[in-house]
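Visitor: The sequence isn't on hand, but the structure is:
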């Protein structure tokens, strides 16, 4: 019953006050329980209030209640009201936090289907693409997001540069991509201390020792007690001394390079920053290990309790025995692998190393001048061994080493994933090779997915070439008239039909995941002149071209074996690619 003298306006004002206060409290203390009290009070009065549901979902996510947060975000998304895009952003963020890369990519694309203007949304799409395994597309989107930010929100450029560097690191970009990006971010004062530290180690990996020392000293002025920075500077100075005294030293740069110690240090630091290091993997394994494996593992041990414990090995062995000091003999099958390797204890590692060291000639498979740490055994003479650069190999007497995993951390993460746990690593990089069995394109030597597109032109919807086209581009939209305006859907590919026959296929470079494979070797972010030369050299002469003076977009049409190839150029590179069976505009 309403209080005497109280009006609906008073109730509305109270709801607004509660909502405003809840948002302010969330900004200051996102996990504070009063946030839920205030947001729930708003929803009790106005259940349809989407902004309150989003706030409550954000609060639940911060408190670790991911399932409830997801329910609230999906509830808002299902209303398709003015908060839909924000709900999609929240679902994207939640999926990234849970390392659900396909789901994160789906919501990243959903956001951009609603709103194309925010540089940060393009940045998130690039990160999601890279994590999902579409590395080149993803990294290109990161660059484009920075360019978009510089045009539309220049005051936020520092944030964009820092975010790009962090996302390149988080998606395991190669150093030739990460280093220039991190340098640009550091110059802009945008990189966080971790990015700057990893950049310093990147300099070491590239043997830029002076740059590493100078960056480390600069960072130490800001944080003089950070041990990792002291380690960076100390390592850089050690390397500089080796260079300066190369002739007088027993250790040369080539000796250091063979051990892979610098590369290993950089990767371990990168993995620590991205949460994919060995310690994180072992913690994740604890959550999902099956009961028989748990029962077979011994409690961890401090090396100070082990005779000659300092000989266990610092690459990974000491971390493993601190986690679990070996595993019961004969229980290797508990890992679920064909070869029954089990963890070795600290004492077993020390004893095996001593046996090898006492008679090197009797153990030719264990080189004296190389780094190695045995960590697992099948109790039949074979071992899993960590060697130079941190690689894990299988070593059997009288046989060459067989690669098993890029690192011990990777091996453990593989077991976490096999046991049903969440794997935070980006999908492996895909090596794209031009197929050798594609049907030839008459009159042109261009190769790639364009062969599939070309074969589908002029075919009907019931034909095998049309089915192959849709298999290659499953997100394609289909128009029944080639004269209708081209509006590619989220998949970025538009198929135009006229009288039931395929007349034109248009690919939106920014949206299509396989745009870089439409024509093998085509530089989607390059300049028009070299691309024009490339296309001409492969049998497609220019038919005509024109410029849109309002937008600056340039269109170039080529004759392609009695068909037409169109390239649309905008700011930053190619915008669209089309292949048509006629000269449909």
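Guide: Done, it's in. Computed from a prediction, not measured in an experiment: that's the story for all the values here. Numbers count the residues shown, from 1 in each chain.
Visitor: Could you list the low-pLDDT ranges of the stretch 401-550 of the chain?
Guide: Across the stretch 401-550 of the chain, residues meeting the criterion (pLDDT under 70) sit at 429-440, 442, 481-489, 547-550.
Visitor: can you give me the strands in it?
Guide: In the stretch 401-550 of the chain, the strands defined using DSSP state E, counting those that start in this stretch lie at 402-405, 477-479, 493-498, 501-508, 542-547.
Visitor: any chance of those in a markdown table, plus mean neighbour count and distance to residue 566?
Guide: All C-beta spots, glycine's among them, are computed from the backbone N, C-alpha and C. Shown next, in a markdown table, are the strands of the stretch 401-550 of the chain (neighbours: other C-beta atoms under 10 Å; distance: least, C-beta to C-beta, whole Å):
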| stretch | mean neighbour count | distance to residue 566 |
| --- | --- | --- |
| strand 402-405 | 15 | 46 |
| strand 477-479 | 16 | 16 |
| strand 493-498 | 22 | 12 |
| strand 501-508 | 23 | 8 |
| strand 542-547 | 12 | 9 |
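Visitor: Dump these into a markdown table; add distance to residue 186 as well.
Guide: Formatted as a markdown table, the strands of the stretch 401-550 of the chain follow (distance: least, C-beta to C-beta, whole Å):
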| stretch | distance to residue 186 |
| --- | --- |
| strand 402-405 | 32 |
| strand 477-479 | 43 |
| strand 493-498 | 39 |
| strand 501-508 | 34 |
| strand 542-547 | 39 |
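Visitor: Out of those strands, which is closest to residue 243?
Guide: Nearest of those to residue 243, taken as C-beta to C-beta: strand 402-405 at 31.6 Å.
Visitor: got a list of contacts for the closest one?
Guide: Applying C-beta atoms under 8 Å, 6 or more residues apart in numbering, the contact partners of strand 402-405 are 384, 391-394, 396, 411, 414.
Visitor: which residues does the residue lying closest to residue 113 once chain neighbours are set aside contact?
Guide: Computed as C-beta to C-beta, 6 or more residues apart in numbering, the closest residue to residue 113 that is not its neighbour in sequence is residue 490, at 5.1 Å. When contacts are counted by C-beta under 8 Å, 6+ apart, residue 490 touches 109-110, 112-113, 475, 511.
Visitor: Against residue 356, how distant is residue 362?
Guide: 8 Å (C-beta to C-beta, to the nearest Å).
Visitor: quick one, which of these two is more surrounded?
Guide: residue 356 (16 against 9; other C-beta atoms under 10 Å).
Visitor: Please report how far the more buried one lies from residue 339.
Guide: From residue 356 over to residue 339 the distance is 21 Å, taken as C-beta to C-beta.
Visitor: Same question for residue 492.
Guide: 44 Å.
Visitor: Those two: who's more crowded?
Guide: Neighbours were counted for residue 492 and for residue 339 using other C-beta under 10 Å; residue 492 has more, 22 against 14.
Visitor: what's near enough to touch that one?
Guide: Going by C-beta under 8 Å, 6+ apart, residue 492 touches 475, 507-513, 515.
Visitor: backbone phi and psi for it, please?
Guide: The phi/psi pair for residue 492 (degrees, to the nearest 10) reads phi 80, psi 10.
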